[in-house]
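In: What would the 3D arrangement of this be:
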Amino acid sequence: MKRNSFCLLFLLFIFTGSGLKGISYVDSEQTTFSLNQSDTIKEDQALYNGRIWKNLYYNVQEDQFLFSRMFLPGSLTIRGKTFKNISIMYDIYKDEILTPIYPGGILQLNKEMVDSFSISFQNKTHQFIRIPEDSLKEFRGYFNVIYKGKTALYVKYNKKIDKLGVEGKYDKFYQVSRIYFMKDNIVHLITNKSDLLKVLNEDKAQIKDFIRKNKLAISKNDPESFIPVTRYFDTLSH
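Out: So this is what the prediction gives:
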């Protein structure tokens, strides 16, 4: 079935060529977006590899996407090749990347082919990498890289459904996130300052002093609040 879908998409792009430029679309929920691609047919075959996406959760309040239910500007790296100026939506309920295709459809990209991607939202570019499926159960899929040095900080975004969460009648999406700290190639789930200090135990006193002097507030609700401490730890001699 997948093979047939890929063949259908291949034929679609052979006959339409690069006629994707400057076309506007409206999805089933009347979300307007624009597609401005000018890739060659050969590049299209590498980029547009996946299956047609359908929204199975239109009856659920809110939406399943990160940042916005509209397509956002971004880039994709697929098997080492980077495609710029790509329109992207990130479905964090299913952990899938979506992009528009001609004529008016939406494609769910083949995750196994995606190395990384970026999304620009509110004047900030967010960088994501894909952790392979053979990694730790909780540490695989797409992750936002918020810091990368000797150590690293990753955020995993997810949405869940609150059954009958609206007036006891309607289901509703809500967002959760997990923060992971990588040190010496070992991944640690951290939810607060205490978790981070346990991982950095050898420099705990210095780090606590750094937090106190700089009056840092660290919270799982703000993953980037962990960055100053992580960056400081990387400057220490070990």
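In: Kindly check the end-to-end length of stretch 105-114 for me.
Out: Start-to-end span of stretch 105-114 (Cα to Cα, to the nearest Å) is 20 Å.
In: And whatever helix or strand residue 198 lives in, what's buried?
Out: Using DSSP states H and E, residue 198 maps to helix 193-199. Neighbour-count burial for helix 193-199 flags 193, 195-197, 199 (criterion: 16 or more other Cβ atoms under 10 Å). The way it works is simple: take the backbone N, C-alpha and C, and place the C-beta from them, glycine included.
In: Over to stretch 187-194?
Out: 188, 190, 193.
In: could you dump it to CSV, C-alpha only?
Out: Output of stretch 187-194 as CSV, limited to C-alpha atoms (Å, rounded to 0.1, in the frame of the first residue of the first chain):
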residue,chain,number,x,y,z
VAL,A,187,20.4,11.2,28.7
HIS,A,188,18.7,12.4,31.8
LEU,A,189,15.0,13.5,32.1
ILE,A,190,14.9,16.6,34.3
THR,A,191,11.8,18.3,35.6
ASN,A,192,13.3,20.9,38.0
LYS,A,193,16.4,22.5,39.4
SER,A,194,17.0,19.6,41.8
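In: Rounded mean pLDDT for it, please.
Out: Computed over stretch 187-194, the mean pLDDT rounds to 92.
In: Check stretch 219-227 too.
Out: 93.
In: again, but for stretch 119-138
Out: 85.
In: related to what we said a few turns ago, possible to save the buried residues of stretch 187-194 as JSON lines with distance to residue 212?
Out: Shown next, in JSON lines, are the buried residues of stretch 187-194 (distance: Cβ to Cβ, whole Å):
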{"residue": "188", "distance to residue 212": "23"}
{"residue": "190", "distance to residue 212": "19"}
{"residue": "193", "distance to residue 212": "11"}
